[in-house]
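**Q** I'd like to go over a predicted model; first the sequence, then the structure.
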Amino acid sequence: MTHPIRRFPLRLWGVRSAAILTALSGGMNILSALTPPVAERLVLLERFAPIEVTEGGRLSAVLAGLALLLLAGHLWRRKHVAWLLTLLVLGASLVSHLLKGLDYEEAILVTALAVWLLLLRGQFYARSDPPSLRRGLLVLIGALFFTLAYGVAGFYILDDHFSLNYAFLGALKQTALLFVQFYDPGLQPITQIGHFFANSIYLVGASTMAYALFMLVRPVLMRQPASAVERAQAQKIVEAQGHTSLARFTLFADKSYCFSLGGSVVAYVVKGRVALALGDPIGPTGDARAAIFAFQDYCQHNDWQPAFYQTLPDYLDFYRAAGLRTLCIGHEAIVDVSTFMLEGKTGKELRSAVNRLTKLGYGARLHAPPLADSVLDELRLVSDEWLTMMKGQEQQFATGWFDDDYIRHSPVMAVYKPDGSIRAFANMILAVQHKTCVLDLMRRRSTVENGTMDFLFAAMLVWAKEHGYVTFSLGLSALSGVGEQTDDPTTEQALHFLYEHVNQIYNFKGLHAFKAKFHPRWEPRYLIYPDGASLPTVGMALVRANAGDHFLRDFLR
């Protein structure tokens with residue numbers, strides 16, 4: 001989806017003030033309904049309206065106040081549906097203030113807020129999910145009729161459980177009275193069933209109304225994958241401009257795309273309200289700022305929170321200019337292939353493992369794509385055994401996964417035992433134009449000879465050097481080097497605490513130590529997120545993107 005960049009700063013102060021004033025108006029409604037009216041005004045009002053109308057106005061003010069408090073949060077998110085509903089509720093609130101005690105002061109304030117919202121109409125553009133919006137409208141209409149029918153049928157059928165016997169018209173009147181006054185002192189249940197039914201009317205009405213409101217303001221859901229045209233456009237940009245280790249992963253089937261007018265693409269997935277982009281925008285360097293702002297605007301129009309995972313340090317100032325926050329989440333291990341060697345002091349540890357396995361008859365072989373069926377079948381067995389051993393499942397989003405078509409068309413380095421069986425393997429992504437290799441999957445049998453993975457990685461690095469590659473990315477070392485300094489941000493220091501104390505759950509330190517054997521340079525990688533309050537939501541979206549929507553159920557299993 002192509003989206004233009006912003007031509008001027010969004011009037012955040014207007015939106016924020018409208019949301020705050022709406023919440024204050026809701027609180028004012030409730031307080032006003034709970035305070036006694038001015039006696040002189042009440043006497044004047046009672047000349048023209050019965051006491052039931054006055055009481056109904058008081059209760060309507062309370063309900064309108066609660067509705068305004070709920071809608072204020074959605075106004076903060078620029079929801080267009082919330083803007084419409086708020087205007088309707090303000091209209092009802094205006095009438096209720098006048099009916100409950102001629103409270104013209106509150107009526108004036110409500111009117112002023114409605115005018116302010118009308119003036120800010122263009123600022124409330126965040127869409128709701130169209131199918132959910134239609135369903136919410138149907139549920140809202142259906143809720144009114146269903147609750148009315150439920151009440152009429154109940155009073156008519158269960159009239160023996162009340163002090164009055166209700167004919168059909170009496171049941172209809174009693175239900176309507178409950179809708180208007182919320183409570184009717186003339187309603188006297190004489191059995192437990194009567195009490196339960198009277199209370200259940202409110203429960204049925206409230207639950208259906210709450211569901212309708214949820215559907216009306218639901219963020220846009222990604223129901224369809226990117227189109228073939230969008231994928232072709234993204235592939236063209238990535239092949240020409242993608243120079244990071246994540247570039248190839250942006251073309252996987254789980255990604256959707258946002259294109260800037262300057263020729264950049266942002267690859268993302270949507271989890272809940274979070275649109276999680278993988279890496280920085282890919283495209284011309286001079287278009288990076290525009291692409292970041294375009295993606296942010298696109299997210300705001302769909303009621304999503306924008307976030308970027310594993311960004312480079314290059315564009316941090318652009319993210320901050322967009323009002324986003326940055327958090328270092330680890331360092332990527334990048335080996336300088338041209339200087340890699342097994343000889344000398346630095347290669348001693350690896351050389352020992354390579355020599356020992358070589359003497360035992362082990363060997364390493366690169367399988368160039370396309371892989372033969374027999375090789376693919378054996379690799380799948382190794383992968384399945386590894387997943388079973390790890391008691392896990394395939395990760396996605398920032399890595400590849402064992403998909404037959406993907407692995408078949410990847411270069412794969414495999415370690416063979418003397419009997420010809422594969423003991424471990426890893427597939428690589430080759431960016432020939434940038435002379436870069438990227439490690440993706442690495443899998444092994446549940447029991448292997450000590451040093452097998454060292455042997456595998458050494459073979460890949462030697463192969464890359466022989467074929468003229470300059471760098472080899474070993475991927476992100478999560479949380480390593482984060483929050484170690486006393487002046488680091490508090491959030492990064494909290495991540496450092498996790499790095500030091502949750503090794504029994506995930507072997508952060510072990511993976512870092514393994515990659516350190518190959519003497520890489522460590523480049524920082526960042527998580528970009530909207531604000532501190534959104535960080536838990538963004539973190540959960542990241543877990544869902546990597547491990548799947550049902551990760552908790554699968555973990556408990």
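**A** Nice, thanks for sending it over.

**Q** The longest helix along the chain packs against which elements?
**A** In the chain, taking DSSP state H as the definition, the longest helix is helix 130-157. Judged by 3 or more C-beta pairs under 8 Å, 6 or more residues apart in numbering; DSSP states H and E, the packing partners of helix 130-157 are helix 168-181, helix 192-216. The C-beta positions use only the backbone N, C-alpha and C, and glycine is treated the same way.

**Q** could you list every residue that touches the spatially most central residue of the chain?
**A** With distances taken as C-alpha atoms, centre = their mean, the residue of the chain nearest its centroid is Val274 (2.6 Å). For Val274, the contacting residues are Trp304, Gln305, Ala307, Ser534, Thr537, Val538, Ala541, by C-beta atoms under 8 Å, 6 or more residues apart in numbering.

**Q** re the thing from before, could you tell me the least trusted of the helices and strands packed on helix 130-157?
**A** Looking at the helices and strands packed on helix 130-157, the lowest mean pLDDT belongs to helix 168-181 (a mean of 60).

**Q** Look up phi and psi at the residue nearest to the centre of the chain.
**A** Backbone torsions of Val274, given as degrees, to the nearest 10, read phi -100, psi 130.

**Q** And for it, nearest residue in space, chain neighbours not counted?
**A** Among residues not flanking Val274 along the chain, Ala541 sits closest, at 3.6 Å (C-beta to C-beta, 6 or more residues apart in numbering).

**Q** Number of residues surrounding Gly323?
**A** When neighbours are defined as other C-beta atoms under 10 Å, Gly323 has 12 of them.

**Q** In PDB, list the C-alpha atoms belonging to stretch 81-88.
**A** Provided in PDB are the C-alpha atoms of stretch 81-88 (Å, rounded to 0.1, in the frame of the first residue of the first chain):
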ATOM      1  CA  VAL A  81     -16.400   6.100  14.700                       C
ATOM      2  CA  ALA A  82     -15.600   7.300  18.200                       C
ATOM      3  CA  TRP A  83     -15.900  10.900  16.900                       C
ATOM      4  CA  LEU A  84     -19.400  10.200  15.500                       C
ATOM      5  CA  LEU A  85     -20.500   8.300  18.700                       C
ATOM      6  CA  THR A  86     -19.200  11.100  20.900                       C
ATOM      7  CA  LEU A  87     -21.200  13.700  19.000                       C
ATOM      8  CA  LEU A  88     -24.400  11.500  19.400                       C
END
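
**Q** What's the separation between Phe351 and Phe340?
**A** No Phe there; residue 351 is Arg. Separation of Arg351 from Phe340 (C-beta to C-beta, to the nearest Å): 12 Å.

**Q** More neighbours: which of these two?
**A** Shown here are Arg351 and Phe340; by other C-beta under 10 Å, Phe340 has more neighbours (19 against 16).

**Q** Surely that one and Glu466 touch.
**A** No - counting by C-beta atoms under 8 Å, Phe340 does not reach Glu466; the two are 10.9 Å apart.

**Q** Relative to Asn302, how far out is the residue nearest to the centre of the chain?
**A** Going from Val274 to Asn302 by C-beta to C-beta gives 11 Å.

**Q** Secondary structure element holding the residue nearest to Val274?
**A** According to DSSP states H and E, Ala541 maps onto helix 535-547.

**Q** Gln300 now?
**A** Taking DSSP H and E as the criterion, Gln300 maps to helix 288-301.

**Q** Mind exporting the C-alpha coordinates of that helix to CSV?
**A** Coordinates of each C-alpha in helix 288-301 appear next as CSV, following Å, rounded to 0.1, in the frame of the first residue of the first chain:
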residue,chain,number,x,y,z
ALA,A,288,14.3,6.8,4.7
ARG,A,289,12.8,9.7,6.8
ALA,A,290,9.8,10.0,4.4
ALA,A,291,9.2,6.2,4.5
ILE,A,292,9.2,6.2,8.3
PHE,A,293,6.6,9.0,8.4
ALA,A,294,4.6,7.4,5.7
PHE,A,295,4.4,4.1,7.6
GLN,A,296,3.5,6.0,10.8
ASP,A,297,0.7,7.8,9.0
TYR,A,298,-0.5,4.6,7.4
CYS,A,299,-0.7,2.9,10.9
GLN,A,300,-2.6,5.9,12.4
HIS,A,301,-5.2,5.7,9.6
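
**Q** Make sure Gly263 is indeed in a strand.
**A** No - looking at Gly263 with DSSP: H, G, I helix; E, B strand; the rest coil, it is coil, so not inside a strand.

**Q** pLDDT value on the nearest residue to it once chain neighbours are set aside, please?
**A** Leaving aside its sequence neighbours, Gly263 sits nearest to Gly283 (C-beta to C-beta, 6+ apart; 5.1 Å). Here, the pLDDT recorded for Gly283 equals 96.

**Q** dump the residue contacts of Gly283.
**A** Ile237, Gln241, Ser260, Gly262, Gly263, Ser264, Val265, Ala291.

**Q** Distance-wise, check the second one relative to Leu476.
**A** Gln241 sits 21 Å away from Leu476, taking C-beta to C-beta as the criterion.

**Q** Please identify which of these two sits among more neighbours.
**A** The residue with more neighbours, out of Gln241 and Leu476, is Leu476; 22 against 18, by other C-beta under 10 Å.

**Q** hey, what's the more buried one bridged with?
**A** For Leu476, the beta-bridge partners are Glu332 (DSSP bridges).

**Q** And the helices in the stretch 1-150 of the chain?
**A** Per DSSP state H, counting those that start in this stretch, the stretch 1-150 of the chain has helices spanning 12-34, 39-46, 51-76, 80-101, 104-119, 130-157. These are given in chain order.

**Q** Could you point out which of these sits nearest Val470?
**A** In terms of C-beta to C-beta, the element of those nearest to Val470 is helix 12-34, at 44.7 Å.

**Q** now the angle from that closest one to helix 80-101?
**A** Here the directions of helix 12-34 and helix 80-101 differ by 30 degrees (axes from the mean of the first three to the mean of the last three C-alpha atoms, to 10 degrees).
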